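In: Below: sequence and its predicted model.
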Amino acid sequence: MSEQALRFIAVQGLRANVVQQAEDIQTLLALVAAGIGVALLPQSIAFIAPAGVDILPLSGEQTQWQVGLAWDPQRPDALRDNFVQGVTSSPPASQWSV
């Protein structure tokens, strides 16, 4: 995630001044809440952000994540197998209509 954040900053024509790093989203939110800079985080953290922390949605190619699905095929699990079958046979989310 940090590499993606640095790419986003570079694309914006900015330079990062990294003063603190953490591996944990909760820690990053605590640092922001304490007034120690800003953090580029998934927008879903809005559900766990401490009071007083503003969340600003960003847009652009560098704000999109490619995600994958991982599982242990050696462990039998019918529910998991049904889920995998469902998501791999569905059309891409960009083709869904609501």
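Out: Received it, and whenever you're ready, just let me know what you need.
In: which residues touch the lowest-mean-pLDDT helix or strand in the chain?
Out: Between all helices and strands in the chain, the lowest mean by mean pLDDT, DSSP states H and E belongs to helix 2-11, at a mean of 84. Under the contact criterion C-beta atoms under 8 Å, 6 or more residues apart in numbering, helix 2-11 has outside partners 15-16, 21, 40, 58, 60-63, 65. In this view, the C-beta of every residue, glycine as well, is placed from N, C-alpha and C.
In: so which one among these has the lowest pLDDT?
Out: Across those, the bottom pLDDT score, 74, is held by residue 65.
In: Now do the same contact list for that one.
Out: Contacts of residue 65 (C-beta under 8 Å, 6+ apart): 4, 42.
In: now it, what's its secondary structure?
Out: coil (DSSP: H, G, I helix; E, B strand; the rest coil).
In: and the gap between it and residue 44?
Out: 11 Å (C-beta to C-beta, to the nearest Å).
In: With residue 78 instead?
Out: Between residue 78 and residue 44 the computed distance is 29 Å (C-beta to C-beta).
In: and these two? which has more neighbours close in?
Out: residue 44 (10 against 7; other C-beta atoms under 10 Å).
In: Quick check: phi and psi at the more buried one.
Out: Main-chain torsions, residue 44, degrees, to the nearest 10: phi -60, psi -10.
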